[in-house]
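Trainee: 3D model of this:
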Amino acid sequence: MLDKNQYDKLFKEVGSYRLVSVSVLVDRLKINGSLARRALVELAEKGIIKEVSISSKQKIYTRALDPEVAA
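Mentor: This next block holds a predicted model:
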């Protein structure tokens, strides 16, 4: 499980990453792969990141820009 600091860092920093994947979260947050996969699902559900490419082997996400900022 993620401790409070890792959980806060997850929501604070991951939204600014251009490329988000399991391997990126494992490397930068020092968590294991299963936690990283669960974190990606939660971040996508909350709209912080969006899917770019999904395959059976790898899921790649990017930050979700606000419509007001993108315009």
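Trainee: so Leu2 makes contact with Glu42?
Mentor: No - look at Leu2 against Glu42 with CB atoms under 8 Å: they stay out of range, at 10.2 Å. C-beta: built from backbone N, CA, C; applies to glycine.
Trainee: So which residues of this protein form helices?
Mentor: With DSSP state H, the ranges of helices along the chain come out as 4-13, 22-29, 33-45, 67-70.
Trainee: Select from those the stretch with the lowest mean pLDDT.
Mentor: For these, mean pLDDT drops lowest on helix 67-70, to a mean of 49.
Trainee: if we can go back for a sec, would you turn the helices of the chain into TSV with distance to Glu51 and mean neighbour count?
Mentor: Below are the helices of the chain laid out as TSV (distance: least, CB to CB, whole Å; neighbours: other CB atoms under 10 Å):
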stretch	distance to Glu51	mean neighbour count
helix 4-13	18	12
helix 22-29	13	17
helix 33-45	7	15
helix 67-70	17	6
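Trainee: ok, Gly47 - contacts?
Mentor: If a contact means CB atoms under 8 Å, 6 or more residues apart in numbering, then Gly47 has Ala64 as its contacts.
Trainee: What's the separation between it and Asp8?
Mentor: 18 Å (CB to CB, to the nearest Å).
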